[in-house]
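Enquirer: pasting the sequence and the predicted model now:
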Amino acid sequence: MSRRLVIAGLIVALALGTALPAGCAGGDDATDGSGDAGKEPYVVGAVLSLTGAQSALGVPEKNAIDLEVARINAEGGINGHPLEVIIEDDASDVDQAIARTTKLIEQDNVLAIIGSTGTGQSMAMRDEINLAQVPQVALGSGAIISRELDPWVFQTPWTADLIVPLALEYLADQGLTNVGLITEDTGFGKDGRELIGATAADHGLTVVSDQVFKPADTDMTGQLTVIKGAGADVVLMWSSVAASSIVPKNMAQLNLGIPLVCSHGVAKQEFIDGAGEAGEGVLAFAGKVLAPETYGVGTPSYEAATGFVERYTEAYGVAPDHFAGHAYDGLYLVVEALKRLDEGFTPSDLRDEIERTSGFPGIGGVFTFSATDHNGMTSDDIVMYRIEGGAWVLAE
Amino acid sequence: MEASELLQLVIAGLKNGSIYALLALGFTIVYAATNVINFAQGEFYMLGGMLAVFAFSGLNVPLVAAVALAVVTVAGIGALFERLAIRPRKDADPMALIIITVGGSLVFASVARHLFGSDALPLPEFTPGPSFVFAGAAIERQTIWIWVIVTATVIGLTLLYNRTRLGRAMRACMENREAARLMGIDTARVVMVSFALAAALGALAGVAVTPLTSTRFDIGAGIAVKGFAAAILGGLGSPLAAVAGGLLLGLIEQAVIPFSSVLKDVVALAVLLLVLFVRPQGLFRRTRKEKV
């Protein structure tokens, strides 16, 4: 009897927490300002998921911030003030994110907070942010962050609200009206799934099959068989986890013979490596950083992106992924606003100044915030890519 | 639904089920020897894939050798884990040992992340080529390999248990560890061999699946749940029942997909809890008198 209960308890515990945090190291990591010793440093906080399920995103974000803070200080800081960014790890955990936010606000008196990495954490920090009235630039990509607009919260990644309409419009243009939808069972996947389900009809499309897979799944032939049976013209995938690369392989195996169109979640080398030859021809919508010439050679965005890619690659031996780019944008949105402010500004002044950001050439796109738009990008910032010869290239 | 689609779902079910079966065998073998649920079993699966990728891509070892190297190394890691983490506390409450294995799984995942990074890493298929088509349903070549591995494992384990001294000692421990010890069986050795064997089977599953899915430092926990569920379905007793439990779990999952893929895992877990309360001895075992 007791053994039965113990095992039942373990099953429930495991089912609830399949994503056991894969690490538990915590602690501070301050990127120190070594610029002008005369003026006191501007201290900014960052809550990132350096360990746990989202560490693959959080680590490049930290790399980007470390790299750029050193560069900003080497060039004299912000109006003579050295910049110090205190990075805290939330271990991909909502409660940790809240605790780290409180610490940054109460102990470190930060001017603004960048992060967190995930949408769940970014949303959970909101109460603390509002209570303390400190601006937040979230790096989570959930559309809810900007949809439920908060005056103090800004957001740098591309969201479903930005990309879903473009993907659906493309499918409609191509006459691919019967959509087989496959999404990952996470917050990111749900975001796309709900919006596609709600707006497909507006584009004259029908979702003939709505399939979901878990990040831990090893095979999607079952879901794809059902999609095939439903008579889909195209598979539309909304996923960012590693398991997404199984989908094109399974499609090739089943000889589905229909195109695969994806969200920005797959726009990385990892997806190509995982999918192998089956990945050839896969389409995805994402920002321009994968093909910087699309910014327009010589434009400020082109210079920013190529410069960042070069510095990052030199420092870390790998090209930055788009998460690093989102962190770069988050950092510079704060830094540029700080540059424009005179001495003696209040947190409210900083918030207002971030909101006044107009035409800032970032990695993710050109940011123009307003009182009603805290994501700040437009469909002009998104292009379509195709996998060709093992690389993401610009599609027509 | 057409017959070919149904067949395709059955093939997917048997493929996933075979992977669950290999993990379930690992859970069952360790449980038989120690009464401990080894939650690090999923990490052996992850490490198998990781080390094979490392040997193949990092050390440029031929694929066959990389696979063998990975399985043998992980078996060694399993034995070492038992020696360093389990044996010093072997007289502790099973619950304490279970917690140790949970801790072990976190350590394995963290170390893997530091050594191999946090990206998904691919491995080529054992025998690349187009899928076989059978009655309108496609079967990947790698799936055939997975089935071959499971079949060979079942045959190998049957021979081990019935034909070898070590196997008989393991079975004796399964029946009653204390009595086996009194009969002069080296139970400490049996426990260590059980961990090594479980680790090797986990690694074998991981190596066989990596060409299809790539591998990543954090995939262990997710697959461990499935393997554990399969082991419970099988009753944590006979290895054959563990394999049957794995295949059954794979088939149940696929049976749910045409109705709702969102509910796939929920239904599988619900079946598991049902089995646990209605037939705690597993689906395939006859009730036996509990020892007092």
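Expert: Nice, I can see it.
Enquirer: three-state assignment of the residue in chain B that chain A sits nearest to?
Expert: Distances between chain B and chain A by C-beta to the nearest C-beta are smallest at B:Gly222, namely 2.5 Å. Glycine gets a C-beta too; all of them are placed from N, C-alpha and C. Following DSSP: H, G, I helix; E, B strand; the rest coil, the label given to B:Gly222 is helix.
Enquirer: excluding its backbone neighbours, what's nearest it?
Expert: Nearest residue to B:Gly222, sequence neighbours excluded (C-beta to C-beta, 6 or more residues apart in numbering or on different chains): A:Ala216, at 2.5 Å.
Enquirer: give me the number of residues near the one you found?
Expert: Burial of A:Ala216 is recorded as 22 neighbouring residues (other C-beta atoms under 10 Å in any protein chain shown).
Enquirer: contacts only, for the residue in the stretch 201-350 of chain A positioned nearest to chain B.
Expert: The minimum distance from the stretch 201-350 of chain A to chain B, using C-beta to the nearest C-beta, falls at A:Ala216 (2.5 Å). For A:Ala216, the contacting residues are A:Thr18, A:Ala243, B:Ile219, B:Ala221, B:Gly222, B:Ile223, B:Val225, B:Lys226, by C-beta atoms under 8 Å, 6 or more residues apart in numbering or on different chains.
Enquirer: ok, back up a step: wait, a helix at the residue nearest to B:Gly222?
Expert: No. Judged by three-state DSSP, A:Ala216 forms no part of a helix; its state is coil.
Enquirer: phi, psi of it?
Expert: Geometry field for A:Ala216 lists phi and psi as phi -90, psi 0, criterion degrees, to the nearest 10.
Enquirer: surely B:Leu250 is in contact with B:Gly13?
Expert: One correction, residue B:250 is Gly, not Leu. Yes. In this structure, B:Gly250 sits in contact with B:Gly13. The criterion is C-beta atoms under 8 Å, and the distance is 4.3 Å.
Enquirer: more crowded one of those two?
Expert: When B:Gly250 and B:Gly13 are compared on other C-beta under 10 Å, the one with more neighbours turns out to be B:Gly250, at 26 against 23.
Enquirer: pretty sure the more buried one sits in a helix.
Expert: Yes. Secondary structure of B:Gly250 (three-state DSSP): part of a helix.
Enquirer: so who does it touch?
Expert: B:Ala12, B:Gly13, B:Leu14, B:Lys15, B:Asn16, B:Gly17, B:Ser18, B:Ile19, B:Tyr20.
Enquirer: how far away is A:His81 from A:Pro135?
Expert: Using C-beta to C-beta, to the nearest Å, one obtains 17 Å as the distance from A:His81 to A:Pro135.
Enquirer: these two: which has the busier surroundings?
Expert: For A:His81 against A:Pro135, the residue with the higher neighbour count under other C-beta under 10 Å is A:Pro135, and the figures read 26 against 21.
Enquirer: and the strands in the stretch 51-200 of chain B?
Expert: Chain-ordered strands for the stretch 51-200 of chain B, with DSSP state E, counting those that start in this stretch as the definition, fall at B:132-134, B:137-139.
Enquirer: ranking these by burial, who's on top?
Expert: Mean neighbour counts were compared across those using mean count of other C-beta atoms under 10 Å in any protein chain shown; the top stretch is strand B:137-139, at a mean of 21.
Enquirer: that one packs against which elements?
Expert: Strand B:137-139 is packed against helix B:3-34, strand B:132-134, with contacts defined by 3 or more C-beta pairs under 8 Å, 6 or more residues apart in numbering or on different chains; DSSP states H and E.
Enquirer: picking that back up, the strands of the stretch 51-200 of chain B into TSV, with extra columns for mean pLDDT?
Expert: Converted to TSV, the strands of the stretch 51-200 of chain B look like this (pLDDT from 0 to 100):
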stretch	mean pLDDT
strand B:132-134	89
strand B:137-139	92
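Enquirer: helices of the stretch 101-250 of chain A, residue ranges please.
Expert: Secondary structure of the stretch 101-250 of chain A (DSSP state H, counting those that start in this stretch): helices at A:119-124, A:126-132, A:144-147, A:160-173, A:187-199, A:221-229, A:246-254.
Enquirer: and the first one, average pLDDT?
Expert: Per-residue pLDDT values across helix A:119-124 average out to 93.
Enquirer: closest residue of the stretch 51-200 of chain A to chain B?
Expert: With C-beta to the nearest C-beta as the measure, A:Ala56 is the residue of the stretch 51-200 of chain A nearest to chain B, at 3.9 Å.
Enquirer: tell me the most buried of the helices of the stretch 101-250 of chain A?
Expert: With a mean of 27, the top stretch among the helices of the stretch 101-250 of chain A by mean neighbour count (mean count of other C-beta under 10 Å) is helix A:221-229.
Enquirer: using CSV, list the CA coordinates for that helix.
Expert: Output of helix A:221-229 as CSV, limited to C-alpha atoms (Å, rounded to 0.1, in the frame of the first residue of the first chain):
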residue,chain,number,x,y,z
THR,A,221,5.2,10.1,-37.7
GLY,A,222,1.9,9.5,-35.9
GLN,A,223,1.0,13.2,-35.9
LEU,A,224,2.2,13.6,-39.5
THR,A,225,0.2,10.5,-40.6
VAL,A,226,-2.9,12.1,-39.3
ILE,A,227,-2.0,15.4,-41.1
LYS,A,228,-1.5,13.4,-44.3
GLY,A,229,-4.9,11.6,-43.9
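Enquirer: so B:Val53 sits right up against B:Pro124, yeah?
Expert: No. Using C-beta under 8 Å, B:Val53 is not in contact with B:Pro124, being 9.9 Å away.
Enquirer: who has more neighbours, these two?
Expert: Taking neighbours as other C-beta under 10 Å, B:Val53 and B:Pro124 compare with B:Val53 leading, 23 against 14.
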